[in-house]
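**Student:** sequence first, then the predicted structure, then my questions.
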Amino acid sequence: METPDFIEKPTILVVDDTPDNLSLISGILRDAYKVKIASGGEKALEIASSAKPPDLILLDVKMPDMDGYEVCRRLKQNPATSGIPVIFISAKNEENDELSGFILGAVDYIAKPVCPSIVLARVKTHLALTAALKELEKQNAVLAENVRLREDIEKMTTHDLKAPLTAFVNIPEMLIRDTGLNSSQKEMLAVLSKSADRMLEMINRSLDLCQMEKGTYKLISVPVNMVKLVYQVFNQSCRQAQLKEIKCSLVFNGKPASQEDNVEFNGEEFMFFSMLSNLVKNAIEASPVNSEVVVSLFDSPFPGISIKNQGAIPA
């Protein structure tokens, strides 16, 4: 297994007090990896802590001055070297010996005499696992930063948009009280005021949506008059519907529902409104000219809402 010249080879540190073992294992690895060697624990710790640390360490257990277990313990105690995967190599094959290595943080154990194919396979596997873990940690860090930035933007947006939108709410209400306006003009201003109210509510609830995505939102369910809510959606979408000569209708349990009817579903009004607004908007956009969009409410066998149009609602 050879690595192309333009790709930097991973570095493997081989630690063993026996020159023949260092030569044997280095020879197995040299074609595919950069190999560094250390004949004792202190030298191994020095290389591991250098400016260019190894990507993986093959560590002999039985060494005279400092055994492999102590080397591994020190590696894992040092934040700079704790992430380097360690594979023990030893003639010992007792279960307790392997367990001791895993408790100290080793990722694998290879018994002597070593088999070249096994050494190469274990090294390749643990390098790949370490690379995948580092990539996952990097992605998690990016996601965490994106969430933080989004929350900061949400907070700034909430603060900066509320003041001008408040004027959109108040000014139409002042104009409606002007007796010089006819009923049609007042109705249009009322729709504008209501839309501004909805925008303010959406801004106030935008942080709630972030909490939902993080799974920290606490839903407060209350009775919601769905008939009133659907007609509010119709009023919001009336201009879009008029341009295509589309009629919007509401039925409850198969019968036409008037604006005076009261059909209550338990839930959160803002979420209901957002959901219905998007669905009705999509239905109108997908419907042919001079057709009908029907919103149906039903309470048996369970409360539900359906939307029917003559075109396919886009996903």
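**Tutor:** Okay, I see it.

**Student:** give the next helix or strand downstream of the helix or strand of the chain with the lowest mean pLDDT.
**Tutor:** Evaluated with mean pLDDT, DSSP states H and E, the helix-and-strand set of the chain has its lowest mean pLDDT in helix 183-214, which scores a mean of 75. Next along the chain after helix 183-214, taking DSSP states H and E as the criterion, comes strand 222-225.

**Student:** shaky segments in the stretch 151-300 of the chain?
**Tutor:** Across the stretch 151-300 of the chain, the ranges flagged by pLDDT under 70 are 154-155, 157-159, 162-163, 169, 178-179, 204-205, 207, 210.

**Student:** and the strands in it?
**Tutor:** Taking DSSP state E, counting those that start in this stretch, the strands of the stretch 151-300 of the chain run over residues 222-225, 247-252, 255-256, 264-267, 292-298.

**Student:** quick one: closest of those strands to A106.
**Tutor:** strand 264-267 (53.6 Å; C-beta to C-beta). All C-beta spots, glycine's among them, are computed from the backbone N, C-alpha and C.

**Student:** sheet partners, orientation included, of the closest one?
**Tutor:** Each strand that pairs with strand 264-267, with its direction, by DSSP bridges: strand 222-225 (antiparallel).

**Student:** what sits up against the partner strand?
**Tutor:** 262-269, 272 (C-beta atoms under 8 Å, 6 or more residues apart in numbering).

**Student:** can you tell me which of these are buried?
**Tutor:** Burial of those was assessed by neighbour count (16 or more other C-beta atoms under 10 Å); the buried members are 263, 265, 267, 269, 272.

**Student:** now do the longest helix belonging to the chain against helix 183-214, angle only.
**Tutor:** What stands out as the longest helix in the chain, according to DSSP state H, is helix 116-176. Between the direction of helix 116-176 and that of helix 183-214, the angle (axes from the mean of the first three to the mean of the last three C-alpha atoms, to 10 degrees) works out to 160 degrees.

**Student:** does anything pack onto helix 116-176? Which helices or strands?
**Tutor:** In this structure, helix 116-176 packs against helix 19-29, strand 56-60, strand 86-90, strand 108-111, helix 183-214, with contacts taken as 3 or more C-beta pairs under 8 Å, 6 or more residues apart in numbering; DSSP states H and E.

**Student:** one more time with 7 Å, if that's ok
**Tutor:** Counting by 3 or more C-beta pairs under 7 Å, 6 or more residues apart in numbering; DSSP states H and E, the packing neighbours recorded for helix 116-176 are helix 19-29, strand 56-60, strand 108-111, helix 183-214.

**Student:** roughly how far out does the last one sit from the chain middle?
**Tutor:** Taking the mean of its C-alpha atoms, helix 183-214 sits 28 Å from the chain's own mean (C-alpha atoms, centre = their mean, to the nearest Å).

**Student:** make residue 1 into 47 and carry on from there
**Tutor:** New numbering, starting at 47: the last item is helix 229-260.

**Student:** how about that helix: buried residues?
**Tutor:** Buried residues in helix 229-260, counting neighbours by 16+ other C-beta under 10 Å, are found at 232, 235, 237-239, 241-242, 244, 246, 248-249, 251-252, 256.

**Student:** same question, stretch 326-343
**Tutor:** Using 16+ other C-beta under 10 Å as the burial criterion, the residues of stretch 326-343 that qualify are 326-330, 333, 337, 339-343.

**Student:** swap in stretch 109-117?
**Tutor:** 109, 112-115, 117.
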